[in-house]
Each structure stands twice: as structure tokens, then as C-alpha cells.
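**Student:** how would this look folded up:
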Amino acid sequence: MGKAQKYVLLGDATYPLQDWILKPYQEDENLTQRQLQFNYRLRRAHSVIENAFLRLKARWQILLKCDDCSLELLPTLVLACCILHNVCEAHDNPFNEEWLEGAEPTELPKPCQPAPAAMEDDRAEQVRELMCQYFESCGEG
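**Tutor:** So this is what the prediction gives:
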């Protein structure tokens with residue numbers, strides 16, 4: 001994109017736009033085609049992430065019961081599951097689709113109302129615009 005960028009998290013419309021949280025443009029009739037494309041790509045990326053976490057929880061169902069362990073242990077537990085998952089993938093240990101039955105996606109609590117505009121970072125719009133330009137330059141898909 002011609003400009004170095006740091007990592008960003010993907011958020012939905014309820015999160016404040018920050019230079020480290022990308023969120024979609026507010027859906028209305030005034031969105032340009034490139035803004036619609038940006039929103040579409042953000043939704044697609046978000047669904048890939050949700051699917052990856054669902055598969056991780058399905059393979060390592062201890063992640064469904066994390067309320068049983070201490071808060072200090074939780075990051076280590078999640079990291080261990082990620083490493084073991086990658087080892088399984090690297091050694092062609094097949095993912096059993098039946099595991100998904102025990103790991104139904106759960107909706108985590110989210111804010112009900114969009115974040116106040118005062119919480120948004122003006123610099124973040126530049127990051128979102130750069131990403132929007134990048135998606136436009138990549139073409140459809």
C-alpha cells in the first residue's frame with residue numbers, strides 16, 4: 001500500500017474505529033462502490049476468523065470450558081491448543097467434522113449500541129482508507 005502498517009483487529013460496527021481496530025463503513029445509501037467492497041471483504045475475513053476459532057474449539061473442546069481454569073493459565077492454554085492444532089495440521093491429522101457438533105458457535109456479549117463518535121480516532125480513517133484502496137487495487141474476490 002506504499003505505507004507501512006501495523007497489525008489490526010477486525011471489529012464490527014459497535015466498536016470504535018481506531019488505528020488498530022478496523023470496522024466497516026456505516027451501511028447507508030451513500031456508500032461508494034469501494035466502501036461497499038471494503039465492507040464485503042471485512043465480513044469475509046471476519047467469517048474466516050470465526051470459522052478458524054470454531055474449528056479450534058471443536059478440536060480442543062477444553063476451550064469450551066475455560067471457566068474451569070484460572071485467568072493466569074488461560075493464555076497458555078489457548079496458545080498450547082493453537083500449537084497442537086498446527087502440529088496436527090502439519091502432520092495431516094484430519095479434522096473430524098463431527099467435532100463441530102459439540103462446538104456450536106456462541107455469541108459472545110457485544111456492545112448493543114455503536115461506540116460514541118468521540119471514541120473514534122481520526123487517524124484510523126486514514127488506515128481504513130488505505131485498506132479500502134488496497135482492496136480496490138486487488139480486484140474482485
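
**Student:** buried ones in the helix or strand hosting Q133?
**Tutor:** Using DSSP states H and E, the element containing Q133 is helix 122-138. Neighbour counts over helix 122-138 (16 or more other C-beta atoms under 10 Å) mark 124, 127-128, 131-132, 135-136 as buried. All C-beta atoms are positioned from the backbone trio N, CA, C, and that covers glycine.

**Student:** Kindly report the same for stretch 47-65.
**Tutor:** In stretch 47-65, counting by 16+ other C-beta under 10 Å, buried: 54-60, 63.

**Student:** quick one: the helices in the protein?
**Tutor:** Per DSSP state H, the chain has helices spanning 33-59, 74-90, 122-138. These are given in chain order.

**Student:** could you dump the second one to CSV, C-alpha only?
**Tutor:** Read that as helix 74-90. Extracted in CSV, the C-alpha atoms of helix 74-90 (Å, rounded to 0.1, in the frame of the first residue of the first chain):
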residue,chain,number,x,y,z
LEU,A,74,-5.9,-19.1,30.0
PRO,A,75,-3.4,-17.5,27.6
THR,A,76,-1.1,-20.5,27.9
LEU,A,77,-3.9,-23.0,27.4
VAL,A,78,-5.1,-21.2,24.3
LEU,A,79,-1.5,-21.0,22.9
ALA,A,80,-1.0,-24.7,23.6
CYS,A,81,-4.1,-25.6,21.7
CYS,A,82,-3.1,-23.4,18.8
ILE,A,83,0.3,-25.1,18.7
LEU,A,84,-1.1,-28.6,18.9
HIS,A,85,-3.7,-27.7,16.2
ASN,A,86,-0.9,-26.6,13.9
VAL,A,87,1.1,-29.8,14.6
CYS,A,88,-2.0,-31.8,13.7
GLU,A,89,-2.5,-29.9,10.5
ALA,A,90,1.2,-30.2,9.6
